[in-house]
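Visitor: Here is a sequence together with a model predicted from it:
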Amino acid sequence: MSSDLEMSAEQFRAAAVHAAAIVERYYAELASSPVMPATSARDIRELLYEPLPEAGAGPEAALATIRDVVYPLSRHNAHPRFFGYVASPGTGAAAIGDFLAAGLNANVTAWRSAPAAAEMEHLVIDWLKTMIGYEASAAGLLVSGGSMANFCGLAAARTAADPEFARTGAGGAPLRVYVSEETHFSIQKAAGLLGIGTSNVQAIPTDASLRVDVAELERRIETDRKAGFRPMCVVANAGTVNTGAVDPIADVAGVAERNRMWLHVDGAYGAFAALAPSARGLFTGIERADSVSLDPHKWLYSSMGCGCVLYRDPSSATAAFAHQAEYTRPVGLSRDEAFAFWDFGPELSRPFRALPLWLAIKLHGVRAFSAAIENNLACARHFEALVKPSDDFEMLAPVSLSIFCFRFRPPGYSGDLDALNERILVELQRAGSSYVSNARIRGKFALRGCVLNHRTTLRDMERLLDDVRNAASITLG
């Protein structure tokens, strides 16, 4: 007797065609849709709510909910004027890759669990190393995102500094981690979860370009060592989330090497800008890092949930993560076929993250990604060039990559600029034509945008300024 869960070939094909039509229409109508729908949690719940279904509704009715509720009542990260946060727009190739990966539903724990998927992940990791100029002998794996990649890098650093820490817990002088004051909070969070302690994450001031002050970094390390602390790791930013600043990686690497410390580079947002000729020089020295975090689901426009951690020395990862149990012992396998991804990170069950990324790179080629990233950089620079000569806007940080921080500052205004720009932000987001987020730059409230979309054009940057002016006009009455 066949299962009610089994679709016939005809039913599957019809449902797949219907689903593809929903995505096709979504892409076609994207630019003319509001970036953020005018809705509420209650509105969406009322449209979605129903008791637990006892019987199936059929694909047409089920997919109608996706078409009429889920897609239109989502924030559209793929919209050409969505500049909020560091969010990928995705690609059609990645969407197809997700479909194919879900069809196979491989659990990529080890080679024997998913032979082809494991080899494809190794290949994709090799491609990512090549993109940023990392050592060919390095190892790595795909993880859920930059936060998990930073966690993995810090875990390997902790084990390198104190091989017994994971087994016996903290002992002896406290370990110290050094970051710039612009570093992503996931480093501090990882330090807390790993038992290093959030108070042992030392924030180093930045220069006028919001890059770490290397001289102060070295002075702080020396002071801490004399005070009895154990300097363990330096984190360099390859594109901060606030402003896109890139620390002087080669100089920071020199500090780490002189002090025999681990160097972790957080390149989750920015490191793939190394593919753009105009930005490549910013990443000199990244090959000297002991570990690097990357997010293909950001600047490679891949599906959400695809981050990456690289380790220059594979043994540093296995020292931190390898575990043995009888139920995981690879009986009858050796060498490459005995490979296990859990020896390089904390996950056991793992989805087939490599397939959508592999498919996008295979279909388009790396030159297409290089050109798209270069265009994103050009859009941010164009925006800065529009703001600087204007009499009603000001930049609050220099544009290093594709993040821009600015605010509305009308001539002669004597009120609270922070409060004014907060109100403008809310009005802009409600209007739906453009979407930016917020940041605080040296104490000032900023309208913050990030160009991370292969659909965005120079004209969209001009439209954003018009939209902010309209929002300001409404706010000022």
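Guide: That came in fine, so what should we check first?
Visitor: Contact partners for residue 60?
Guide: Shown in contact with residue 60 (Cβ atoms under 8 Å, 6 or more residues apart in numbering): residue 18. Bear in mind the C-beta positions are built from the backbone N, C-alpha and C, glycine included.
Visitor: Just to be sure, it is in a helix?
Guide: Yes - counting by DSSP: H, G, I helix; E, B strand; the rest coil, residue 60 falls inside a helix.
Visitor: gap between it and residue 95?
Guide: Separation of residue 60 from residue 95 (Cβ to Cβ, to the nearest Å): 21 Å.
Visitor: same check, this time on residue 196
Guide: 39 Å.
Visitor: chain center to stretch 204-224: distance?
Guide: Computed by Cα atoms, centre = their mean, to the nearest Å, the separation of stretch 204-224 from the middle of its chain amounts to 25 Å.
Visitor: Give the buried residues for it.
Guide: Residues of stretch 204-224 classed as buried by neighbour count (16 or more other Cβ atoms under 10 Å): 204, 206, 210-214, 217-218, 220-221, 224.
Visitor: mind putting those residues in TSV, secondary structure included?
Guide: As requested, the buried residues of stretch 204-224 are exported to TSV (three-state DSSP):
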residue	secondary structure
204	strand
206	strand
210	coil
211	coil
212	strand
213	coil
214	helix
217	helix
218	helix
220	helix
221	helix
224	helix
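Visitor: can these go into JSON lines with extra columns for distance to residue 153 and pLDDT?
Guide: As requested, the buried residues of stretch 204-224 are exported to JSON lines (distance: Cβ to Cβ, whole Å; pLDDT from 0 to 100):
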{"residue": "204", "distance to residue 153": "18", "pLDDT": "98"}
{"residue": "206", "distance to residue 153": "21", "pLDDT": "98"}
{"residue": "210", "distance to residue 153": "22", "pLDDT": "97"}
{"residue": "211", "distance to residue 153": "20", "pLDDT": "98"}
{"residue": "212", "distance to residue 153": "17", "pLDDT": "98"}
{"residue": "213", "distance to residue 153": "22", "pLDDT": "98"}
{"residue": "214", "distance to residue 153": "20", "pLDDT": "98"}
{"residue": "217", "distance to residue 153": "18", "pLDDT": "98"}
{"residue": "218", "distance to residue 153": "21", "pLDDT": "98"}
{"residue": "220", "distance to residue 153": "20", "pLDDT": "98"}
{"residue": "221", "distance to residue 153": "19", "pLDDT": "98"}
{"residue": "224", "distance to residue 153": "20", "pLDDT": "98"}
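Visitor: tell me which of those residues is nearest to residue 246?
Guide: For the buried residues of stretch 204-224, the closest approach to residue 246 (Cβ to Cβ) belongs to residue 211, at 6.9 Å.
Visitor: so where do the strands sit in the stretch 1-150 of the chain?
Guide: Assigned by DSSP state E, counting those that start in this stretch, the stretch 1-150 of the chain shows strands spanning 139-143.
Visitor: returning to that earlier point: residue 196 and residue 95: which is more packed in?
Guide: The neighbour comparison of residue 196 against residue 95 (other Cβ atoms under 10 Å) goes to residue 196, with 26 against 18.
Visitor: Buried ones in the lowest-mean-pLDDT helix or strand in the chain, by neighbour count?
Guide: Every helix and strand of the chain was ranked by mean pLDDT, DSSP states H and E. The lowest is helix 165-168, at a mean of 88. Neighbour-count burial for helix 165-168 flags residue 165 (criterion: 16+ other Cβ under 10 Å).
Visitor: per-residue pLDDT, the nearest residue to residue 97 once chain neighbours are set aside?
Guide: Among residues not flanking residue 97 along the chain, residue 356 sits closest, at 2.9 Å (Cβ to Cβ, 6 or more residues apart in numbering). If you check residue 356, the pLDDT there is 98.
Visitor: Then residue 333?
Guide: Note for residue 333: predicted pLDDT of 65.
Visitor: same thing with residue 198?
Guide: Here, the pLDDT recorded for residue 198 equals 97.
Visitor: Test my guess that it contacts residue 190.
Guide: No - with contact defined as Cβ atoms under 8 Å, residue 198 does not reach residue 190; the gap is 9.5 Å.
Visitor: With neighbour numbers in mind, choose between those two.
Guide: Neighbours were counted for residue 198 and for residue 190 using other Cβ under 10 Å; residue 190 has more, 25 against 14.
Visitor: helices and strands around the host helix or strand of the more buried one, which ones?
Guide: Using DSSP states H and E, residue 190 sits within helix 186-193. Applying 3 or more Cβ pairs under 8 Å, 6 or more residues apart in numbering; DSSP states H and E, one finds that helix 186-193 contacts helix 146-161, strand 175-180, strand 201-204.
Visitor: Residues contacting that helix, please?
Guide: In contact with helix 186-193 (Cβ under 8 Å, 6+ apart) are residues 146-147, 150-151, 154-155, 177, 179, 197-198, 200-201, 235, 266.
Visitor: Buried by neighbour count, from these: which ones?
Guide: Listed as buried from these are 146-147, 150-151, 154-155, 177, 179, 200-201, 235, 266; burial here means 16+ other Cβ under 10 Å.
Visitor: Quick check: the closest residue to residue 48 other than its chain neighbours vs residue 19, distance?
Guide: Nearest non-adjacent residue to residue 48, counting by Cβ to Cβ, 6+ apart: residue 69, 6.2 Å away. Residue 69 is 15 Å from residue 19, where distance means Cβ to Cβ.
Visitor: hey, C-alpha coordinates of stretch 244-261 in PDB?
Guide: Provided in PDB are the C-alpha atoms of stretch 244-261 (Å, rounded to 0.1, in the frame of the first residue of the first chain):
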ATOM      1  CA  GLY A 244      32.600  48.400   6.600                       C
ATOM      2  CA  ALA A 245      36.000  49.400   7.900                       C
ATOM      3  CA  VAL A 246      38.900  47.000   7.200                       C
ATOM      4  CA  ASP A 247      41.600  46.800   9.800                       C
ATOM      5  CA  PRO A 248      45.200  46.900   8.600                       C
ATOM      6  CA  ILE A 249      45.400  43.100   8.600                       C
ATOM      7  CA  ALA A 250      49.100  42.700   7.800                       C
ATOM      8  CA  ASP A 251      50.000  45.000  10.700                       C
ATOM      9  CA  VAL A 252      47.700  43.200  13.100                       C
ATOM     10  CA  ALA A 253      49.200  39.900  11.800                       C
ATOM     11  CA  GLY A 254      52.600  41.200  12.800                       C
ATOM     12  CA  VAL A 255      51.400  42.000  16.300                       C
ATOM     13  CA  ALA A 256      50.000  38.500  16.700                       C
ATOM     14  CA  GLU A 257      53.100  36.800  15.400                       C
ATOM     15  CA  ARG A 258      55.500  38.800  17.600                       C
ATOM     16  CA  ASN A 259      53.400  37.900  20.600                       C
ATOM     17  CA  ARG A 260      52.800  34.300  19.600                       C
ATOM     18  CA  MET A 261      49.000  34.800  19.500                       C
END
